[in-house]
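> okay, predicted coordinates and the sequence, questions at the end:
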Amino acid sequence: MTSRSIWNKFVLHLLLVAGVILSVFPFYWLAVMSTSTTSDLYKFPPKIWFGTHLIDNIQRLMQNIDFFQALTNTLFVAVVTSVLVLFFDSLAGFAFAKYEFPGKKWLFLALLATMMVPGQLSLVPSFVIMANFGWVGSYKALIVPGMANAFGIFWIRQYAQGAIADELLSAGRIDGCSFFRLYWNVALPILRPALAFLGAFTFIHVWNDYLWPLVILNDKSKYTLQVALSQLNGIYNTDYSMVMAGTFLVVLPLIVLFLFVSRQFISDIAAGAVKD
Amino acid sequence: MQPSAAAPDSRTAAGRPHAGKWREIWKHRAVYAAISPFYLLFAVFGVFPILFSLYLSFQKWDGIGEMKFNGLNNFHYMLTERLFWKSVGNTFLIWIYSTIPMLIFALVIAFLLNSAFVRFRGAYRIAYFLPNVTSIVAVAIIFSTLFANKYGLLNFVLTSFGLSPVQWLNNAFGIHLAIASMVIWRWTGYNAIIYLAGLQSIPTHLYEAARIDGASTAQIFFRITIPLLRPVILFTVITSTIGGMQLFTEPQVLVGNDGGVGNNGMTIVLYLYREAFVRNYFGYASAVGWGMFVIIVLFSAVNWMLTKEKENVSTGR
């Protein structure tokens, strides 16, 4: 090995590690701030190592906002939406992958076309519709419009086309299975890896959603974590270490979830973008 | 291919093609039921709102009182309103400051990660992707402490190098930079992962052949990697254009509903949000939504053509 190629390798790794540091540093900084006191944060030079005030900060956070209420609200909306998305998207994705029926081509094209429509265009009228339904301030407004989506149907269809053998479906049909029985007993178990990704993706998406919940939720006790967090930031920006502790607690669960599913999740994201 | 044996049915209905078609549809009623939830939801929460927003954009309405037909006044007001154009300008500047560095960084990271001798590639991918799963509200709060005028970390770094601190959130460039850096931080890893997947689909014998011919790393990068990666680059340019035109949470959490000092953080969607839900100009906000839509379509088309154009040039050589 020449000294030149060793030097190249060294520079390459240096760049990669520098990138990782930039990528992870804000999390570290968040952890430092949420374990410090607010007056520590105003010190020059700033503290760059963890403090011992995390518990105090969290306690103050709990006194100021009902964190557990917001957590429960968010979990409720995210879990219900994810379960509904998994059900409706897999049902439709399976139908598109494995059945021929009149109008299929056009229906599928229309489905793909809907992905191009920017959501903000219909922000105002969607709110008006919700007001007419009497759904403003209700989780129905957050859950129902998002419980089936084109991306998920497309995703499941792509996976089902390759993964589910036609022989298996014919065998089921000879045994007298209806469409729904074939879906439930044959397709769903095979689709499990695709469902895992779609479930995690939807959960993360709903957990992080901000604009629509901000528009729809008007009652503090119904706030999701993101809305509660932004309100906390706006009102209490003098008590920064408390706001940071809140931010830390909102970010942490998703990081843990992501680390559990990361390997497959990243491959699936990449596959979805590069295929076609 | 299709498990639903259609042949016997079409034979019996051969004399009456229409009846055959209906029978075919009726036979597949369970399948239609399975795909119908999406179309029902899209009709109610997708198509109808879009038509309704077109109607609303010609009305004067505060959301509670009477609607009043307003002709083209909303659009006329929008096109002559300084703040609307300011929000368009801000959105474009932030898009430029964020997208160009972001895609370059992503390409470099992907290229480095794709080198044969890099170990722990999986761990790198996870570390780079991590910012993308973080909520934007959290990102905006964290970055507000980095860019804070008085006690921000960046100003600490500047002063410790003997430079004078910058009032980041008091001037246009600082606000744009702060917002752009959030976008860069959150999306570079995501785009790098996409590029990496694209790179791994390039056959290695192309690189080997180039090396044997004595090509340098830079030549390989610009002559092989970039041209073959073009479809993936097009994908990332289009998605970051659409994402960039829809920026809302970053400026709203960082500098508030009015876009901060001199409205310099006012983006198009933040402007739409403020006109609709802070000031209750529902009709006008709908017109702004259509303005935004036209801008996104035009801008995406221009981007698409530019990226396509290059493709023709490079393959024509």
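Cool, got the structure.

> where does pLDDT dip in the stretch 151-276 of chain A?
A:236-237, A:273-276 (pLDDT under 70).

> residues contacting the residue lying closest to B:Leu177 once chain neighbours are set aside?
Here the nearest residue to B:Leu177 in space, its sequence neighbours aside, is B:Tyr97; by Cβ to Cβ, 6 or more residues apart in numbering or on different chains that works out to 6.3 Å. Quick note: C-beta positions are derived from backbone N, CA and C, even for glycine. Residues in contact with B:Tyr97 (Cβ atoms under 8 Å, 6 or more residues apart in numbering or on different chains) are B:His176, B:Leu177, B:Ala180.

> ok, these vs B:Asn132, which is closest?
Ranked by distance to B:Asn132 (Cβ to Cβ), the contacts of B:Tyr97 are led by B:Ala180 at 16.3 Å.

> checking that closest one next. Helix, strand or coil?
Put simply, B:Ala180 is helix when judged by DSSP: H, G, I helix; E, B strand; the rest coil.

> just give the number of residues close to it.
23 (other Cβ atoms under 10 Å in any protein chain shown).

> which one is A:Gln161 nearest to, not counting chain neighbours?
What sits nearest to A:Gln161 in space, not counting adjacent residues and going by Cβ to Cβ, 6+ apart, is A:Ala97, at 4.5 Å.

> could you pull up the residues touching the one you found?
Contacts here follow Cβ under 8 Å, 6+ apart; on that basis A:Ala97 touches A:Ile156, A:Arg157, A:Gln158, A:Ala160, A:Gln161, A:Ile164.

> what kind of secondary structure is A:Ser5 in?
Look at A:Ser5: counting by three-state DSSP, its state is helix.

> equivalent analysis for A:Gly137, please.
Applying three-state DSSP: A:Gly137 is coil.

> among the contacts of A:Ala97, list the two that are farthest apart in space.
Pairwise over the contacts of A:Ala97, using Cβ to Cβ, the maximum falls at A:Gln158 and A:Ile164, 11.8 Å.

> ok so, going back, buried members of the contacts of A:Ala97 into PyMOL, please.
Typed into PyMOL, the line below selects the buried ones among the contacts of A:Ala97, using 16 or more other Cβ atoms under 10 Å in any protein chain shown:
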select buried, chain A and resi 156+157+158+160+164
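
> okay if I get the contacts of A:Ala97 as CSV plus secondary structure?
Below are those laid out as CSV (three-state DSSP):
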residue, secondary structure
A:Ile156, helix
A:Arg157, helix
A:Gln158, helix
A:Ala160, helix
A:Gln161, helix
A:Ile164, coil
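
> give me every residue that touches residue 186.
Going with chain A. By Cβ under 8 Å, 6+ apart, the contact set of A:Val186 is A:Ile164, A:Leu168, A:Leu169, A:Gly172, A:Cys177.

> oops, I was thinking of chain B
When contacts are taken as Cβ under 8 Å, 6+ apart, B:Arg186 is in contact with B:Pro131, B:Asn132, B:Thr134, B:Ile136, B:Val139.

> tell me how many other residues surround the first one.
Taking other Cβ under 10 Å as the criterion, the count of residues near B:Pro131 is 21.

> regarding it, what is its secondary structure?
helix.

> mind pulling up the pLDDT for it?
pLDDT for B:Pro131: 94.

> pretty sure it is touching A:Ser23, no?
Yes: B:Pro131 sits in contact with A:Ser23 when judged by Cβ atoms under 8 Å, with a separation of 5.9 Å.

> what do these two both touch?
Joint contacts of B:Pro131 and A:Ser23 (Cβ under 8 Å, 6+ apart) are B:Trp185, B:Thr188, B:Gly189.

> helix or strand right after the helix or strand encompassing the residue nearest to A:Gln161?
Secondary structure from DSSP states H and E places A:Ala97 in helix A:67-98. Using DSSP H and E, the helix or strand that directly follows helix A:67-98 along the chain is helix A:104-114.

> distance to chain A for the contacts of B:Arg186 - can I get that in TSV?
Shown next, in TSV, are the contacts of B:Arg186 (distance: Cβ to the nearest Cβ, whole Å):
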residue	distance to chain A
B:Pro131	6
B:Asn132	9
B:Thr134	6
B:Ile136	6
B:Val139	7
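
> dump those residues to JSON lines, plus distance to A:Ile235.
Listed next are those as JSON lines, based on distance: Cβ to Cβ, whole Å:
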{"residue": "B:Pro131", "distance to A:Ile235": "27"}
{"residue": "B:Asn132", "distance to A:Ile235": "29"}
{"residue": "B:Thr134", "distance to A:Ile235": "22"}
{"residue": "B:Ile136", "distance to A:Ile235": "19"}
{"residue": "B:Val139", "distance to A:Ile235": "20"}
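
> highest neighbour count among the residues you listed?
Highest neighbour count within those: B:Val139, with 25 neighbours (other Cβ under 10 Å).

> check which helix or strand it maps to.
Using DSSP H and E, the element containing B:Val139 is helix B:136-146.

> past that helix, which element shows up next along the chain?
Downstream of helix B:136-146, the first helix or strand assigned by DSSP H and E is helix B:153-160.

> next, name the residue at the spatial heart of the chain.
Reading this off chain A. A:Ile204 (1.6 Å; Cα atoms, centre = their mean).

> wrong one, I was asking about chain B
B:Gly243 (1.8 Å).

> against chain A, how distant is it?
Separation of B:Gly243 from chain A (Cβ to the nearest Cβ, to the nearest Å): 10 Å.

> quick one: secondary structure of that residue?
helix.

> pretty sure it is touching B:Asn191, no?
No: B:Gly243 is not in contact with B:Asn191 according to Cβ under 8 Å; the separation is 10.7 Å.

> I'd like to know which elements the one helix or strand A:Val128 maps to is packed against.
For A:Val128, the element it lies in under DSSP H and E is helix A:123-133. With contacts taken as 3 or more Cβ pairs under 8 Å, 6 or more residues apart in numbering or on different chains; DSSP states H and E, helix A:123-133 sits against helix A:140-143, helix A:211-216, helix B:48-56, helix B:268-273, helix B:282-316.

> average pLDDT across it?
91.

> what's near enough to touch A:Gln226?
Counted by Cβ under 8 Å, 6+ apart, A:Gln226 has contacts A:Thr74, A:Trp207, A:Asn208, A:Asp209, A:Tyr210, A:Pro213, A:Leu214, A:Val250, B:Ser135, B:Val137.

> just the buried members of those?
Going by neighbour count (16+ other Cβ under 10 Å), the contacts of A:Gln226 have A:Thr74, A:Trp207, A:Asn208, A:Asp209, A:Tyr210, A:Pro213, A:Leu214, A:Val250, B:Ser135, B:Val137 buried.

> check the gap between the second one and chain B for me.
Per Cβ to the nearest Cβ, A:Trp207 is found 7 Å from chain B.

> in contact with that residue, which residues?
A:Thr74, A:Ala78, A:Leu225, A:Gln226, A:Pro253, A:Leu254, B:Ser135.

> swap the cut-off to 6 Å and go again
A:Ala78, A:Leu254 (Cβ atoms under 6 Å, 6 or more residues apart in numbering or on different chains).

> what helix or strand is it located in?
A:Trp207 belongs to helix A:192-208 when elements are defined using DSSP H and E.

> now the strands for the stretch 151-276 of chain A?
Applying DSSP state E, counting those that start in this stretch to the stretch 151-276 of chain A gives no strands.
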